[in-house]
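A.B. asks: coordinates only, sequence not included:
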């Protein structure tokens, strides 16, 4: 029991130092102010560019031999509204670059 008491004491002490007992909730922000912000789009673009490097097949790391083109086929190949995957509810088609 003393082990649990010590663990709880450390957690409560940290919460007290952070001021979570005086102000436990963060202020509410509208979706327009927290989703699809320009700085988030820039970060997403940078991450997408870095990820695409993996597909260049430099040093033959991917099992692609004699491939000069790759076809992207299916309902999401051009469908901008669904490209964000599970985040589609928080995005707009105009914010998405198609494959």
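C.D. replies: On my side now, so go ahead. In this text, all values refer to a predicted model and were calculated from it rather than measured experimentally. Numbering: from 1, shown residues only.
A.B. asks: flag the shaky bits of the chain, pLDDT-wise.
C.D. replies: Applying pLDDT under 70 to the chain flags residues 52-57, 64, 86-93, 98-99.
A.B. asks: the spatially most central residue of it: what secondary structure?
C.D. replies: Among the residues of the chain, the one closest to the centroid is residue 44, at 7.6 Å (Cα atoms, centre = their mean). Secondary structure for residue 44, judged by DSSP: H, G, I helix; E, B strand; the rest coil, is helix.
A.B. asks: quick one: it from residue 94, how far?
C.D. replies: Applying Cβ to Cβ, to the nearest Å, the value for residue 44 to residue 94 is 14 Å. C-beta: built from backbone N, CA, C; applies to glycine.
A.B. asks: now residue 71
C.D. replies: Distance of residue 71 to residue 94, given as Cβ to Cβ: 26 Å.
A.B. asks: and if you look at residue 21?
C.D. replies: 44 Å.
A.B. asks: what of residue 8?
C.D. replies: Residue 8 is 49 Å from residue 94, by Cβ to Cβ.
A.B. asks: same check on residue 41?
C.D. replies: Noted for residue 41: a distance of 11 Å to residue 94, by Cβ to Cβ.
A.B. asks: ditto for residue 49
C.D. replies: Here residue 49 is placed at a distance of 20 Å from residue 94 (Cβ to Cβ).
A.B. asks: which parts of this protein are helices?
C.D. replies: Applying DSSP state H to the chain gives helices spanning 2-17, 31-34, 38-52.
A.B. asks: generate a markdown table for these, with distance to residue 75 as supplementary columns.
C.D. replies: Compiled in a markdown table, those are given as follows (distance: least, Cβ to Cβ, whole Å):
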| stretch | distance to residue 75 |
| --- | --- |
| helix 2-17 | 47 |
| helix 31-34 | 26 |
| helix 38-52 | 20 |
